[in-house]
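*Asks:* just to be clear, the model below is a prediction. Sequence and coordinates:
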Amino acid sequence: MPINANNIAILGAGAIGQLIYHQLEAADAKAIFITKGVSGTHQQNLTFTNLAKKVSCSLATVIGFTQQEYHPKNLQHQLQNIELVIVCVKAYQVNDAVSSVIKYLPKHCHILLLHNGMGPHLQVQKKLLTQGLSVGTTSQGALKLAPWHVQQTGTGDSHLGPASGIPLVKNLKLLLLNAIPQSLWCDTILTYLWQKLAINAAINPLTTIDKCRNGALADPSYTLLINKIITELVNVAQADGVVLDKLVITNKVYEVITHTASNYSSMHQDVTHKRQTEIDYINGYIISRAKKHHLSCQINEQLLHQIKTIESQYLTIGLSDNPTY
Ligand code: PAF
C-alpha cells in the first residue's frame, strides 16, 4: 500500500534534496518541498535522470516563499501535518533555513539535517523547543541539470542518526532507510560525521586550490599533505570525544578519491560558479574544535586561508552567485 508521505517536507530544492525526493517517491512516499527559490505554492514538474540515464517525470507540491514575502497563516496551515523535515541546504544556510520555518512546524515534527561539513547542528539544537533533531551525511552524488532536473551521478553510503531531543519515530526511520539506498541508522552518528568530514577536509580544498578532479589526488605528491590533514583531524576528534582509526579514515578518503575520480568536488564547483564555499564548516570546523581543546592544526588553517583568499576575489565584490534554497 502506498505510504502517504505528505507528512515529509524537504527543505531546500538543491541536487541532494531533489535526489532524496525521487528516492522517497520510488519507495511510494511523496514528500513536499519548501524552498526560498520561488514564491507561492504550486505543483511543479520534476525530471530525474537515474544512474542508468533513464529519465522519469513527476509532479511535486512546492511551497515557496521569499525573504520579503511571508504568509505565516498559510505556511502554518500547509505544514500542519508535517512530521519530518529533511533539511538539504548548504551548511552555511542551515541556521537561516531552519529559523525561517521552525515557528510554523508542528510541535512533534522531527528535523533531519543532511549537508556536508559539521557545526550547524550545534546552532539548530539551541533553537528547538519540542522538536527532535537527527543528523546525517550522504556520499551519493547528484547534479542539477536545470532548476527542477537532477541527475544521479554516483552511489554512496548514507548514515543517519540521532542528535538531540525526541528520537525519530520508527515508521519514518524505516521509510527513510528503505528509500535511500545504502543507508544506515547509526546511534553513534558523530563518528560517521567526522569520517565524512575527513573526506571533505582532504578532497574539497585540495581539488579547489589545484583546480583538479578528485582523482588527481591519488598522485603520490599529495600523500604527505593528505596524511597531515587526517592526522590533525583525528587528534581534534579524539579531544572532542570521538575516537577514529587513522588507517580506516585514510582508506576511506582514498576510496572516495577513486570512486569519484572523474568528479569535481562540490567546493571546486562552488568556486567555479563564484558561490560561497562550505570551508567554514569543513576545515573551519576542525579549527574551531581544535581551538576549544588548545590544539594546533596548521595544515587545516593553511587550507582555510587559501580558500578564503580565493573566495575573497569574488565574494567581496558582490559577484557571488549564492543559491537560494
Ligand atoms: O563535497 C563533495 O564533493 C563530496 O562530498 C565528495 C564526497 C568529496 C565527492 O566529491
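*Replies:* Nice, I can see it.
*Asks:* give me the neighbour count for the closest residue to Q125 other than its chain neighbours.
*Replies:* Excluding the flanking residues, the one nearest Q125 by Cβ to Cβ, 6 or more residues apart in numbering is S164, at 4.6 Å. In short, each C-beta sits where N, CA and C put it, glycine included. Here the number of neighbours of S164 (other Cβ atoms under 10 Å) works out to 17.
*Asks:* tell me the domain ranges of the chain?
*Replies:* Partitioning the chain according to automatic domain parsing yields domains covering residues 8-187, 191-312.
*Asks:* give the bridge partners for the residue nearest to Q125, please.
*Replies:* With DSSP bridges as the criterion, S164 is bridged to L133.
*Asks:* let me know the pLDDT of it.
*Replies:* On pLDDT, S164 comes in at 96.
*Asks:* need the contact list for W185.
*Replies:* Residues counted as contacts of W185 (Cβ atoms under 8 Å, 6 or more residues apart in numbering) are 160-161, 173, 177.
*Asks:* same check on I199?
*Replies:* Here I199 is in contact with 139, 252-253, 256 (criterion: Cβ under 8 Å, 6+ apart).
*Asks:* just to revisit the earlier point, do you know how far the residue nearest to Q125 is from the ligand?
*Replies:* If you measure S164 against the ligand using Cβ to the nearest ligand atom, to the nearest Å, the figure is 24 Å.
*Asks:* which ones are touching that residue?
*Replies:* Remark: with contacts taken as Cβ under 8 Å, 6+ apart, S164 is in contact with 121, 125, 128, 132-133.
*Asks:* tell me the SS of the closest residue to the ligand within the stretch 101-250 of the chain?
*Replies:* Among the residues of the stretch 101-250 of the chain, I203 lies closest to the ligand, at 4.2 Å counting by Cβ to the nearest ligand atom. Reduced to three states with DSSP: H, G, I helix; E, B strand; the rest coil, the structure at I203 is helix.
*Asks:* how many neighbouring residues does it have?
*Replies:* Neighbour count for I203, taken as other Cβ under 10 Å: 24.
*Asks:* how far does the strand or helix carrying W194 sit from its chain's centre?
*Replies:* Secondary structure assigned from DSSP states H and E places W194 in helix 189-209. Offset of helix 189-209 from its chain centre (Cα atoms, centre = their mean, to the nearest Å): 12 Å.
*Asks:* which parts of that helix are buried?
*Replies:* Buried residues in helix 189-209, counting neighbours by 16 or more other Cβ atoms under 10 Å, are found at 189-190, 192-209.
*Asks:* ok, now stretch 232-249?
*Replies:* By neighbour count with 16+ other Cβ under 10 Å, stretch 232-249 contains the buried residues 232-237, 240, 242, 244, 249.
*Asks:* next one: stretch 282-289
*Replies:* Of the residues in stretch 282-289, those buried by neighbour count under the rule 16+ other Cβ under 10 Å are 282-287, 289.
*Asks:* using TSV, lay out those residues together with pLDDT.
*Replies:* Putting the buried residues of stretch 282-289 into TSV (pLDDT from 0 to 100) gives the following:
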residue	pLDDT
I282	98
N283	98
G284	98
Y285	98
I286	98
I287	98
R289	97
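*Asks:* quick check: mean pLDDT of the helix holding W194?
*Replies:* In this model, helix 189-209 has a mean pLDDT of 97.
*Asks:* just the CA coordinates of it, formatted as PDB?
*Replies:* Taking Å, rounded to 0.1, in the frame of the first residue of the first chain, the C-alpha atoms of helix 189-209 are listed here in PDB:
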ATOM      1  CA  ILE A 189      26.400   9.200  14.200                       C
ATOM      2  CA  LEU A 190      29.100  11.700  15.200                       C
ATOM      3  CA  THR A 191      31.800   9.100  14.300                       C
ATOM      4  CA  TYR A 192      30.400   9.000  10.800                       C
ATOM      5  CA  LEU A 193      30.100  12.700  10.500                       C
ATOM      6  CA  TRP A 194      33.800  13.100  11.500                       C
ATOM      7  CA  GLN A 195      34.700  10.400   8.900                       C
ATOM      8  CA  LYS A 196      32.800  12.300   6.200                       C
ATOM      9  CA  LEU A 197      34.400  15.500   7.400                       C
ATOM     10  CA  ALA A 198      37.800  13.900   6.800                       C
ATOM     11  CA  ILE A 199      36.800  13.000   3.200                       C
ATOM     12  CA  ASN A 200      35.700  16.600   2.600                       C
ATOM     13  CA  ALA A 201      38.600  18.200   4.500                       C
ATOM     14  CA  ALA A 202      41.100  16.400   2.300                       C
ATOM     15  CA  ILE A 203      39.300  16.400  -1.100                       C
ATOM     16  CA  ASN A 204      37.400  19.700  -1.300                       C
ATOM     17  CA  PRO A 205      40.100  22.300  -0.600                       C
ATOM     18  CA  LEU A 206      42.900  20.500  -2.400                       C
ATOM     19  CA  THR A 207      40.900  20.000  -5.600                       C
ATOM     20  CA  THR A 208      39.700  23.600  -5.400                       C
ATOM     21  CA  ILE A 209      43.200  25.100  -4.900                       C
END
